[in-house]
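*Asks:* What follows is a protein structure lacking sequence information:
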DNA sequence: TTTTATTTCCCACTTCTTCCCACAACGATG
DNA sequence: CATCGTTGTGGGAAGAAGTGGGAAATAAAA
């Protein structure tokens, strides 16, 4: 399970090191796609296969699912992790997520997300403020 | 059952010793997450598995469950207890809970909570002040 | 074909993390 | 009262992780 938050740097050569704790689970090849909420999603090959299968099952007739598929497939890239655990991010994805030098790498169960560090901090603040709603949900889920 | 309040120190290397009385019950691996009221939750692996299972049932496509999962998974960390019973707290969780050198470690039924010591004292005071009113309410409900 | 630019691969430095051991305080026990 | 064991705290040293940069390889331009 991929969990935790890591602050890393996007270097001049557009590389980000994958947190050491994620490496074993992610394997050597990954798929990066534009994510929701202005971040990037990083999937294992296995996870990506599952997702792409599901997506392609959705009706091609519906305009919104068609455009969503374009969004996911069109922006997806297969990337090799280099010998010391870094991934190379293509330009258009850097632009897409507004990445600057400092990024946040987040483990979210079975995917990894890459955020502009500042964007992530802001997003967290907003979510944390909704703590009451959060507590209620935890109750619904039966956690607390 | 985890009960009791312990005052411990968060040392320079961001370690907190788990009170000896909690060790057997917590096991060797734990999961730490941001909690409610500005504290941290410490779960056993067993409990965390239950929680994550429930969380993962929600869809990635819904905005609120997406942010909720980010909050929970992204904020969670799997930690090994070291050979003499200490847990290592990652920076972002220290920041999240506003931990300083002195912390309070609280047993709450089946989880452990970590508080900034001062924050815990204040919280207790507030709760104690409300205790009378609370007791009355509980009485009305037939608990006491 | 030569030169220039870009990408890919690998190495090296520095910082941080992890593992281990030591000390001090405390309590229990004989 | 002395001793032993346990618990909490601190710190040194080896190793790993993150970052930067150079050289080789590939592609593009002249």
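*Replies:* Everything's here; your move. What you are looking at is a predicted structure, and each value in this text was computed from that prediction instead of being measured.

*Asks:* Next, count neighbours for residue A:91.
*Replies:* Per other CB atoms under 10 Å in any protein chain shown, the neighbour tally for residue A:91 reads 8. Just so you know, the C-beta spots here come from the backbone N, C-alpha and C atoms, and that holds for glycine as well.

*Asks:* wouldn't it be in contact with residue A:13 here?
*Replies:* No. Between residue A:91 and residue A:13 there is no contact under CB atoms under 8 Å: 11.6 Å.

*Asks:* Please work out the average pLDDT along the host helix or strand of residue A:23.
*Replies:* If you go by DSSP states H and E, residue A:23 is part of helix A:20-26. Confidence over helix A:20-26, taken as the mean pLDDT, stands at 97.

*Asks:* which other helices and strands contact that helix?
*Replies:* Using 3 or more CB pairs under 8 Å, 6 or more residues apart in numbering or on different chains; DSSP states H and E, the elements in contact with helix A:20-26 are strand A:2-9, strand A:40-44, strand A:102-109.

*Asks:* Tell me how many other residues crowd residue A:32.
*Replies:* Neighbour count of residue A:32, defined by other CB under 10 Å: 23.

*Asks:* just checking, it touches residue A:41?
*Replies:* Yes. Here residue A:32 reaches residue A:41: they are 7.0 Å apart, a contact under CB under 8 Å.

*Asks:* tell me which parts of chain A are close to DNA strand D?
*Replies:* Residues of chain A lying close to DNA strand D (CB under 7 Å from any atom of the strand) are A:6-9, A:11-13, A:16-20, A:84-86.

*Asks:* which pair in the residues you listed spans the largest distance?
*Replies:* The span of the residues of chain A next to DNA strand D, defined through CB to CB, is set by A:12 and A:20 at 22.0 Å.

*Asks:* I'd like the distance between the nearest residue to residue A:75 once chain neighbours are set aside and residue B:1.
*Replies:* What sits nearest to residue A:75 in space, not counting adjacent residues and going by CB to CB, 6 or more residues apart in numbering or on different chains, is residue A:34, at 4.1 Å. Distance of residue A:34 to residue B:1, computed by CB to CB, to the nearest Å: 47 Å.

*Asks:* what are the ranges of the strands in chain A?
*Replies:* Applying DSSP state E to chain A gives strands spanning A:2-9, A:15-17, A:29-34, A:40-44, A:77-80, A:86-88, A:102-109, A:111-116.

*Asks:* Direction included, what does the fifth one pair against?
*Replies:* According to DSSP bridges, the neighbouring strands of strand A:77-80, each with its direction, are strand A:29-34 (antiparallel).

*Asks:* got the angle for the partner strand vs strand A:40-44?
*Replies:* Inter-element angle recorded for strand A:29-34 and strand A:40-44: 160 degrees (by axes from the mean of the first three to the mean of the last three CA atoms, to 10 degrees).

*Asks:* how distant is strand A:29-34 from the center of its chain?
*Replies:* How far strand A:29-34 lies from its chain's middle: 8 Å, per CA atoms, centre = their mean, to the nearest Å.

*Asks:* Report the buried residues of it.
*Replies:* Neighbour counts over strand A:29-34 (16 or more other CB atoms under 10 Å in any protein chain shown) mark A:30-34 as buried.

*Asks:* Give me the contact status of it with DNA strand C.
*Replies:* No. Applying CB under 7 Å from any atom of the strand, one finds strand A:29-34 separated from DNA strand C by no less than 12.0 Å.

*Asks:* between that strand and strand A:111-116, how big is the angle?
*Replies:* Using the same axes, to 10 degrees: strand A:29-34 against strand A:111-116 is 50 degrees.

*Asks:* Residues contacting strand A:29-34, please?
*Replies:* Contacts to strand A:29-34, defined as CB atoms under 8 Å, 6 or more residues apart in numbering or on different chains, come from residues A:40-45, A:48, A:71-72, A:75-81, A:87, A:89-90, A:93, A:96-97, A:114.

*Asks:* Just the buried residues of the residues you listed.
*Replies:* A:40-44, A:48, A:72, A:75-77, A:79, A:81, A:87, A:89, A:93, A:96-97, A:114.
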